[in-house]
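Trainee: A predicted structure for the sequence below; I have some questions about it.
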Amino acid sequence: MPYTLNGRLALVTGATGGIGSAITRTLAHSGARVALAHFDAPDDARELAQEIRSMSGEAEAFAADLRSARATSALYERVHNRMGAPDILVTAAGDYPRTPHADLTPGRWDQCLSLNLTAHHLLAQAAAPAMSARRHGRIVTVGSVLAHTGRRELADYITAKAGLEGLTRALARELGEHGITVNCVAPGSIRVPAEGNVVPDPIAMEKRQLARQCVQRRGHPEDVASAVAFLASAESGFITGQTLRVDGGWVLG
């Protein structure tokens, strides 16, 4: 790996998802110790942690429902107590509900924003004091290019992802003087196993997607993971407040 994270502790949320597991593996392969946060996927988390340990890495799994503010704050405390204060925070957990705007209830709206926006804020708030004390920290949020393109039946999700980019810029301003960088990685159309569960006609969708992109292939979770590893590394120390779109040239400018 081009980036060395030896000795750093990374907390990754959504660590068992298609993109999250690639991020977790890439950070571990780069030398980071990894705290894997997951929701209701104990077997997947245990297998991923064991995979990392089998390659002489260090990994522990933590279950947490990040829709709950109390559980989100408790997650950071459990990681801190068992592994130490994270040097790197990657907030990749998210939900991708599809609901027509007319059918969005206040409860559904609040639940989506809790996971896709508020949890990112709470974890950054929890991690910042220890990072500030060390004068070093990397916070990487995982957004979506849909914040720029829009899409039907995703008003709550897209609102949260747009807010996440704003949060990233605000935190970069506030935390930069303490040696902390804050950036957002915004994936485009990434091929993940869960795709078959949400796309009725994957072949037709892929043709439409490739027509939007400059690079004529689908994105892979490893593409996103490489961008996260760079932003978590020392090599990115003069980059903050940015959104790096990993989308094959879907959105330009």
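Mentor: Cool, got the structure.

Trainee: going by C-alpha atoms from here, please, whenever you check contacts or count neighbours.
Mentor: OK.

Trainee: how far is the helix or strand bottoming out on mean pLDDT in the chain from where the chain is centred?
Mentor: Within the chain, no helix or strand scores below helix 195-198, which has a mean of 72 by mean pLDDT, DSSP states H and E. Centroid separation for helix 195-198 versus its chain: 20 Å, with CA atoms, centre = their mean, to the nearest Å.

Trainee: contacts for that helix?
Mentor: Pro202 (CA atoms under 8 Å, 6 or more residues apart in numbering).

Trainee: now do the buried residues in the helix or strand following that helix.
Mentor: Using DSSP states H and E, the helix or strand that follows helix 195-198 in sequence is helix 202-212. For helix 202-212, burial by neighbour count (16 or more other CA atoms under 10 Å) applies to 209-210.

Trainee: report the distance from helix 202-212 to the chain centre.
Mentor: Distance, stretch centre to chain centre, for helix 202-212: 24 Å (CA atoms, centre = their mean).

Trainee: in stretch 110-125, which residues are buried?
Mentor: 111-124.

Trainee: can you check stretch 83-97 too?
Mentor: Those would be 83, 85-94, for stretch 83-97 by 16+ other CA under 10 Å.

Trainee: cool, stretch 69-84 as well?
Mentor: Using 16+ other CA under 10 Å as the test for burial, stretch 69-84 gives 69, 72-77, 79-80, 83.

Trainee: the buried residues of stretch 83-97 in helices, which ones?
Mentor: Assigned to helices by DSSP state H, the following of the buried residues of stretch 83-97 qualify: Met83.

Trainee: surely Arg53 meets Ala59?
Mentor: Yes - assessed by CA atoms under 8 Å, Arg53 is found in contact with Ala59 at 6.4 Å.

Trainee: between these two, point out the one with more neighbours.
Mentor: Set side by side, Arg53 and Ala59 show more neighbours around Ala59, with 24 against 15, by other CA atoms under 10 Å.

Trainee: what's the neighbour count on Val198?
Mentor: Val198: 11 neighbours (other CA under 10 Å).

Trainee: what pLDDT is listed against Ala95?
Mentor: Actually, residue 95 is Asp. It isn't Ala. On pLDDT, Asp95 comes in at 89.

Trainee: hmm, back to that, going by distance to Leu27, which of the buried residues of stretch 69-84 wins?
Mentor: Nearest to Leu27 among the buried residues of stretch 69-84 is Met83, at 15.9 Å by CA to CA.

Trainee: show me where the stretch 151-253 of the chain has its strands.
Mentor: In the stretch 151-253 of the chain, the strands defined using DSSP state E, counting those that start in this stretch lie at 180-187, 243-246.

Trainee: which elements pack onto the first one?
Mentor: The reference is to strand 180-187. helix 119-134, strand 137-142, helix 155-175, helix 221-231, strand 243-246 (3 or more CA pairs under 8 Å, 6 or more residues apart in numbering; DSSP states H and E).

Trainee: state the distance from the closest residue to Gly241 other than its chain neighbours to Val199.
Mentor: Sequence neighbours aside, Arg169 is the residue nearest to Gly241 in space, at 4.4 Å (criterion: CA to CA, 6 or more residues apart in numbering). For Arg169, the distance to Val199 (CA to CA, to the nearest Å) stands at 32 Å.

Trainee: more crowded one of these two?
Mentor: Neighbours of Arg169 and Val199, each counted by other CA under 10 Å, are more numerous for Arg169; the result is 19 against 11.

Trainee: what's near enough to touch Asp65?
Mentor: Counted by CA under 8 Å, 6+ apart, Asp65 has contacts 38-39, 71-72.

Trainee: what comes up buried for stretch 232-243?
Mentor: Buried residues in stretch 232-243, counted by 16+ other CA under 10 Å: 232-233, 237, 240-243.

Trainee: quick revisit: return the most buried member of the strands of the stretch 151-253 of the chain.
Mentor: Looking across the strands of the stretch 151-253 of the chain with neighbours counted as mean count of other CA atoms under 10 Å, the highest average goes to strand 180-187: a mean of 26.
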